[in-house]
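1. Any chance you can model this:
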Amino acid sequence: MSQSDELAAKGQPAGDTQFQEDSEHLWFRTVYQGDDMPQLTIRAIVMGSFLGMFMSLSNLYVGLKTGWGLGVAITACILSFAIYRTLMTVFPFWFKTEMSILENNCMQSTATSAGYSTGGTMVSAIAAYLIVTGHHIPWPVLAWWTFFLAALGVFMAIPMKRQMVNIEQLKFPSGIACAETLKSLHSKGGDAVAKARSLGLGGLFGALINWFRDARIPFGIPEHIPFPGALGGIPLTNWSIHFDMSAIMIAAGAIMGWKIAWSMLAGAIINYGFLAPWAVSQGAIATHDTAGAITLGYGSIVRWSTWAGASIMVTSALVVFVFQWRTITRALGELTSIFRSKKGDKKVDPMDRIEVPASWFLWGTALSGLGCILVLYYSFGTTWFMGIVAVLLTFILSIVACRATGESDITPVGAMGKITQLTFGVMAPSNMVTNLMTASVTAGAAGASADLLTDLKSGYILGANPRRQFLAQFFGVFAGVLVVVPAFYILVPDAASLGTDRWPAPAAQVWAAVARLLANGFTALHPTARAGLIIGGLIGIILPIAAKMFPKAGKFLPSAMGLGLAMVIPFYNSLSMFIGAGIALLMTKKTPELAERYIIPVSSGVIAGESMLGILVAILQAKGIVG
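-> Here you go, the predicted structure:
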């Protein structure tokens, strides 16, 4: 039973202020061990920086190929553990003691910051800038830009951590998976060994799926299994309605929970089974080219459905944020306390000693936000006012992205970027550079915020000191910028390199297409897309209010975040997560003890195994060793 369940069973609901205080103090008394073992050490930062540098190259490659990024945290934990054990064996004089579990956790925070947070904007907004303008951003400008974006996201996550991780205890499935992986690596005792073995078997299964699907040696399995049938005379596969031969989303679904999973499947059925075919009939989505060949696919559908899906996510997350007015008041009180003397304070909250101070959020956001505004003004010709609006809007949309990641393990950076692009399509309709670079602020910062909260979820489970883990994440930004910026120029020497078989850059193509579309302002959107924005916004408002007003009926209402996410990801992802959540639900009902013991370790192993092999296969493909 989780802390939230334990306290709720005592009659203290999650929205109650007393519950908020008790849940944090209960964690501090029973789980926290950040003062009892090494955590933020030089060897953890150095190891994390090197692993993050290596994985930033892999993610840059995969992002330019597919538009997606691979998770870094679990891979970094396993590689760090293996490498350090090897060093202890080979050089026992220099490496005398093994890393503690909290050191390894700090190390993965540094690695994820270096390997993931700094590179997302490269394969989206920066590559789209190259497509639109035909020339590169000068490297000093790009280096400062990448640093300020990642730093802004890291600092913006500070006020969200206590609410989403400590109080609401959102799932953040990858964070749970990473914590379970670390527990297994450091495990002792019969039960711990059994969990470690189950994680290893799950990892082997995920790795084999990836190897046979992508490397295809000695034989291959299909990338997906098609379903028979068609919609509007077009095969279901073109609507992204098929079973994807990947185990990661099934494993994530097993961790995330039943409600959001069935909500996502319901949203996917509505979007791809009914709304998209209707949009085709209205001329909003093209299905064939001039030669009569079928062009319909996930990309063309999501360019239309993103607007409704993003609108649902934004309004619902903001409504939930407003519902937490007690937390907002408390956060504002912490900010104002920065400027007050604390001599008269008698009560000392032990959490204040280990949580990241509000002053770090205030000054860090101000300085990194100002850095973004200066680069926007001097390098991209964006006015001061629009730069300020971009930073303020980014904070709001980072809340949305972090909540989506916490509930589903999917960070809708692209969807949040589209909201910013739409905003500036209205404010500066003829300026495609402003459109792209202001949206780049949102994409870069939102991704970094969600990444930090995922890491902090791992630390929360392990009893880490969040302030030290935050510093590890911040240090990783420097290592990521050092590698990913020059690597981008080497891999993509000019605009002609993008949109080719080598670098399809699908995410960048979408960003560039939206910037060109919105060059004529809001009216450039198809009328059905504009209607989707409005209707989606209303749905996002109504669902959380209804759940608040009718708590007994709340479990029967779909998750607004799940519905919105289903409209910005392929149908097969929602289906896989539904299957995973269904398996977990069935196990919980039939064999609760086995479910409690093995669902998280096995799911974590599958995520770790498939993601690690994904990076390896990506490198082998880059070298031409495998197809």
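
2. now the residue minimising distance to the centre of the chain: how far from A448?
-> In the chain, the residue lying closest to the centroid (Cα atoms, centre = their mean) is T411, at 3.3 Å. Distance, T411 to A448, by Cβ to Cβ, to the nearest Å: 10 Å. For glycine as for every other residue, the C-beta is placed from the backbone atoms N, C-alpha and C.

3. And Y61, by the same measure?
-> Y61 is 20 Å from A448, by Cβ to Cβ.

4. where in the stretch 301-450 of the chain is pLDDT low?
-> Within the stretch 301-450 of the chain, the segments meeting pLDDT under 70 span 324-348.

5. Could you rerun that using 90?
-> The stretch 301-450 of the chain contains residues with pLDDT under 90 at 302-303, 306-307, 309-353, 355-359, 393-432, 435-436, 439-450.

6. Where do the helices of it begin and end?
-> Taking DSSP state H, counting those that start in this stretch to define them, one finds helices in the stretch 301-450 of the chain at 325-337, 350-354, 358-380, 384-408, 413-427, 432-462.

7. And for the stretch 101-250 of the chain?
-> Going by DSSP H, counting those that start in this stretch, the stretch 101-250 of the chain shows helices at 101-112, 127-133, 139-156, 158-161, 173-185, 190-210, 248-256.

8. And for stretch 377-390, what's in contact with it?
-> Outside stretch 377-390, the residues within contact range by Cβ atoms under 8 Å, 6 or more residues apart in numbering are 137-138, 141, 145, 372-373, 376, 420, 423-424, 427-428, 431, 433-434, 437-438, 441-442.

9. Go through it and flag the buried ones.
-> 379-380, 382, 386-387, 389-390 (16 or more other Cβ atoms under 10 Å).

10. just to revisit the earlier point, more neighbours, Y61 and A448?
-> More neighbours surround A448 than the other of Y61 and A448, with 33 against 21 (other Cβ atoms under 10 Å).

11. The spatially closest residue to that one that is not a sequence neighbour: how many residues sit nearby?
-> Excluding its sequence neighbours, the residue lying closest to A448 (Cβ to Cβ, 6 or more residues apart in numbering) is G153, at 2.6 Å. For G153, the count of nearby residues is 33 (other Cβ under 10 Å).

12. what's the answer for I579, then?
-> By other Cβ under 10 Å, 17 other residues sit near I579.

13. Poorly predicted segments of the stretch 151-300 of the chain, please.
-> 153-154, 156-203, 210, 214-219, 223, 246-249, 251-257, 259-260, 288-295, 297-300.

14. State the helix or strand in which A464 lies.
-> Per DSSP states H and E, A464 falls between elements, in no helix or strand.

15. quick revisit: looking at the helices of the stretch 101-250 of the chain, which is nearest to A496?
-> helix 127-133 (9.8 Å; Cβ to Cβ).

16. So which elements touch the closest one?
-> helix 432-462, helix 506-517 (3 or more Cβ pairs under 8 Å, 6 or more residues apart in numbering; DSSP states H and E).

17. Kindly provide the whole-number mean pLDDT of the next helix or strand after the first one.
-> What that stands for is helix 432-462. Per DSSP H and E, the first helix or strand lying C-terminal to helix 432-462 is helix 466-491. Regarding helix 466-491, the rounded mean pLDDT is 89.

18. which strands and helices sit next to helix 466-491?
-> Secondary-structure packing of helix 466-491 (3+ Cβ pairs under 8 Å, 6+ apart): helix 42-66, helix 101-112, helix 139-156, helix 432-462.

19. looking at the ones you listed, which is buried most?
-> Highest mean neighbour count of the helices and strands packed on helix 466-491: helix 101-112, a mean of 31 (counted as mean count of other Cβ atoms under 10 Å).

20. Can you list the helices and strands that it packs against?
-> helix 42-66, helix 73-90, helix 173-185, helix 432-462, helix 466-491.

21. Show me what counts as buried in the last one.
-> Counting neighbours by 16+ other Cβ under 10 Å, one finds that the buried residues in helix 466-491 are 466-485, 487-488, 491.

22. quick one, it and helix 358-380 angle?
-> 20 degrees (axes from the mean of the first three to the mean of the last three Cα atoms, to 10 degrees).

23. wait, doesn't L456 sit right on Q469?
-> Yes. L456 is in contact with Q469 according to Cβ atoms under 8 Å; the separation is 6.2 Å.

24. Excluding chain neighbours, give the residue nearest to A279 in space.
-> A279's closest residue in space is I285 (Cβ to Cβ, 6+ apart), at 4.8 Å.

25. which ones are touching that neighbour?
-> 276, 279, 296, 300-301, 303-304.

26. distance of it from A546?
-> 31 Å.

27. Out of the helices of the stretch 301-450 of the chain, which gets nearest to F91?
-> Of those, nearest to F91 by Cβ to Cβ is helix 432-462, at 27.6 Å.

28. what's the angle between the closest one and helix 139-156?
-> Computed by the same axes, to 10 degrees, the angle between helix 432-462 and helix 139-156 is 40 degrees.

29. and helix 432-462, how far out from the chain's middle?
-> 7 Å (Cα atoms, centre = their mean, to the nearest Å).

30. Throw the helices and strands packed on helix 466-491 into CSV and include distance to W363, thanks.
-> Formatted as CSV, the helices and strands packed on helix 466-491 follow (distance: least, Cβ to Cβ, whole Å):
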stretch, distance to W363
helix 42-66, 22
helix 101-112, 21
helix 139-156, 8
helix 432-462, 16
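
31. Figure out which of these is closest to A127.
-> Per Cβ to Cβ, nearest to A127 of those: helix 42-66, 7.2 Å.

32. and the closest one, what does it pack onto?
-> helix 73-90, helix 101-112, helix 466-491, helix 592-622.

33. Can you pull out the low-pLDDT segments for the stretch 1-150 of the chain?
-> Those would be 1-31, 34-36, 47-48, 50-99, 104, 107-125, 127-128, 131-132, 134, 150, if you go by pLDDT under 90 across the stretch 1-150 of the chain.

34. Just put the helices and strands packed on helix 101-112 in CSV and tack on distance to I248.
-> Converted to CSV, the helices and strands packed on helix 101-112 look like this (distance: least, Cβ to Cβ, whole Å):
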stretch, distance to I248
helix 42-66, 13
helix 73-90, 11
helix 173-185, 10
helix 432-462, 15
helix 466-491, 23
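
35. out of those, nearest to V165?
-> helix 432-462 (5.3 Å).

36. returning to what we had before: reformat the helices and strands packed on helix 127-133 as JSON lines; add distance to S574.
-> As requested, the helices and strands packed on helix 127-133 are arranged in JSON lines below (distance: least, Cβ to Cβ, whole Å):
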{"stretch": "helix 432-462", "distance to S574": "19"}
{"stretch": "helix 506-517", "distance to S574": "19"}
